[in-house]
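Peer 1: Okay, here's the prediction I keep looking at, along with the sequence it came from:
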Amino acid sequence: MDTRSPHSPLPQQQWLGFDSQPLTPLSPRYRQQLLWQNLLLMALVILLLVPALLLSAKLSGLGVIISVTLALLLLGFKTWLNQKQAEAMGYGVCEYGILLREGLWWQSHTAMPASRLQHVSLSQGPLQRHFGLTSLRCYSAGSSAAEVSLPGLDIEVAEALRQHLLSLAGKDGGETSMETPN
């Protein structure tokens, strides 16, 4: 039987570490969405950069090729970086709220308790809609900048997660709001 008062500190061996919680990766379709997003950006850069460089007449044909190649290499690096960041991102739901891990080099671990949850929204862009994905955003009480953003969720998973978080917040007496993507 535990004889400690509710305000007694827990011994360190009883602390639950963030890393001990199993996290769920984002949908594999999110990486496909990011790839298409970057491919469309590359096509746009080519369509705008090549005519602009040719019309300026300050660069030779070789200069145009080098400029376009450098732009594509930079966009290729951005694509690779987006893919690695999507792989590194994970989320988990626990009895008190939601956990989020993000970042490749500078990692961020966020835990948002349901007691602070004020608003949960789902949103979709055209590419997300095409891939059957949505983004979930949780807004916290106390600060306009306190939010958790979770992209790349399957629509069904995101809706179930939103409902679960709102029910947790409702148990804690939190004020909640529901928005559904169009």
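Peer 2: Good, I have the coordinates. Numbering: from 1, shown residues only.
Peer 1: measure residue 111 to residue 81 for me?
Peer 2: Residue 111 sits at a distance of 26 Å from residue 81 (criterion: Cβ to Cβ, to the nearest Å). All C-beta atoms are positioned from the backbone trio N, CA, C, and that covers glycine.
Peer 1: Am I right that residue 98 sits in a helix?
Peer 2: No - secondary structure of residue 98 (DSSP: H, G, I helix; E, B strand; the rest coil): strand, not part of a helix.
Peer 1: Return the set of residues that bridge with it.
Peer 2: Note on residue 98: beta-bridge partners by DSSP bridges are residue 93, residue 112.
Peer 1: residues touching it, list them.
Peer 2: Contact partners of residue 98, counting by Cβ atoms under 8 Å, 6 or more residues apart in numbering, are 91, 92, 111, 112, 114, 138, 148, 161, 165.
Peer 1: ranking those by neighbours, who comes first?
Peer 2: Neighbour counts for the contacts of residue 98 (other Cβ atoms under 10 Å) peak at residue 138, which has 26 neighbours.
Peer 1: Grab the nearest non-local neighbour of it.
Peer 2: Among residues not flanking residue 138 along the chain, residue 148 sits closest, at 4.4 Å (Cβ to Cβ, 6 or more residues apart in numbering).
Peer 1: residue contacts, the one you found?
Peer 2: Contacts of residue 148 (Cβ under 8 Å, 6+ apart): 98, 100, 110, 112, 137, 138, 140.
Peer 1: one more time with 7 Å
Peer 2: Going by Cβ atoms under 7 Å, 6 or more residues apart in numbering, residue 148 touches 98, 100, 110, 112, 138.
Peer 1: which among those residues gets closest to residue 31?
Peer 2: Distances from residue 31 to the contacts of residue 148, taken as Cβ to Cβ, are shortest for residue 100 (17.7 Å).
Peer 1: where does residue 100 sit relative to residue 124, distance-wise?
Peer 2: Taking Cβ to Cβ, one finds residue 100 at 19 Å from residue 124.
Peer 1: meant to ask about residue 79, not that
Peer 2: Residue 79 sits at a distance of 22 Å from residue 124 (criterion: Cβ to Cβ).
Peer 1: for the record, mean pLDDT for stretch 105-113?
Peer 2: For stretch 105-113, mean pLDDT rounds to 87.
Peer 1: One more: stretch 61-69?
Peer 2: The average pLDDT within stretch 61-69 is 77.
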